[in-house]
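**Student:** How does the following fold in three dimensions:
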Amino acid sequence: MSVLLIAGSPSERSRSAGLLDAVQDLLTAARRPVDRLLIRDLSPKALLLAGTSHRSIQLAVDAVAAATAVVVATPVYKAAYSGVLKVFLDLLPQSALAGKVVLPLATGGSPHHMLALDYALRPVLQSLAARHILPGVYVTDSQFAQGPDGVYHLSPDMQLRLEGAVATLCAESFRQQATTGFEPVPFSRVRCSV
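**Tutor:** Numbering: from 1, shown residues only. Below is the predicted model:
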């Protein structure tokens, strides 16, 4: 039972990768096992040519299948999520997210593209049969600055919002599943008061 963090940025160091670092820190503190998938490390040729038999793609698809929950982070380009993330999501089986809770995250230069999570990414995640897609977290450049140490730091209000989102992810993903029913009760044991 682990959480898979999917980095949908084509860049090695990006704000969306930094956002996943913050999520990983929170999950590690909550003692949740975490795996990470960097789409940029998959075979570009296999991604673009839909080479689902390529080893890197098979391992990535298997990682999604094995996860209890998924966190998807992407930069927003031209009011949509990244192309490399789109190509990867297109390679997943139609029910790849069945039974999983998904937390979408995005970074962008300004608040103008905030709805990209709801209007661009959420429908694709829903089409992959996600059990529950949590409200996304969108972070702008001004809310997530890079310090002199090269590490990205969230503003205090965004840190609280991310902590709440990760707490909800854990609560929704790792709670006990409901039982399939109740034990039958014989009619002779039913009591009524009038």
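
**Student:** ranges for the helices of this structure?
**Tutor:** Secondary structure of the chain, counting by DSSP state H: helices at 15-29, 44-48, 55-66, 83-91, 116, 122-127, 156-173.

**Student:** and residue 4, which of those is closest to it?
**Tutor:** Residue 4 sits nearest to helix 55-66 of all these, at 5.6 Å, using CB to CB. Using the backbone N, CA and C atoms, a C-beta is placed for each residue, glycine as well.

**Student:** Pull the residues that contact the closest one.
**Tutor:** Judged by CB atoms under 8 Å, 6 or more residues apart in numbering, the contacts made with helix 55-66 from elsewhere in the structure are 2, 4, 6, 35, 37, 39, 41-43, 46-47, 51-52, 70, 88, 91-93, 96-97.

**Student:** quick one: average pLDDT of it?
**Tutor:** Across helix 55-66, the average pLDDT comes to 96.

**Student:** For residue 68, list the residues it contacts.
**Tutor:** Taking CB under 8 Å, 6+ apart as the definition of contact, the neighbours of residue 68 are 1, 2, 3, 100, 101, 173, 174.

**Student:** I misspoke; the intended subject was residue 3.
**Tutor:** Counting by CB under 8 Å, 6+ apart, residue 3 has contacts 27, 32, 33, 34, 35, 67, 68, 69, 70, 71, 169, 173.

**Student:** Check residue 45 too.
**Tutor:** For residue 45, counting by CB under 8 Å, 6+ apart, the contacting residues are 51, 54.
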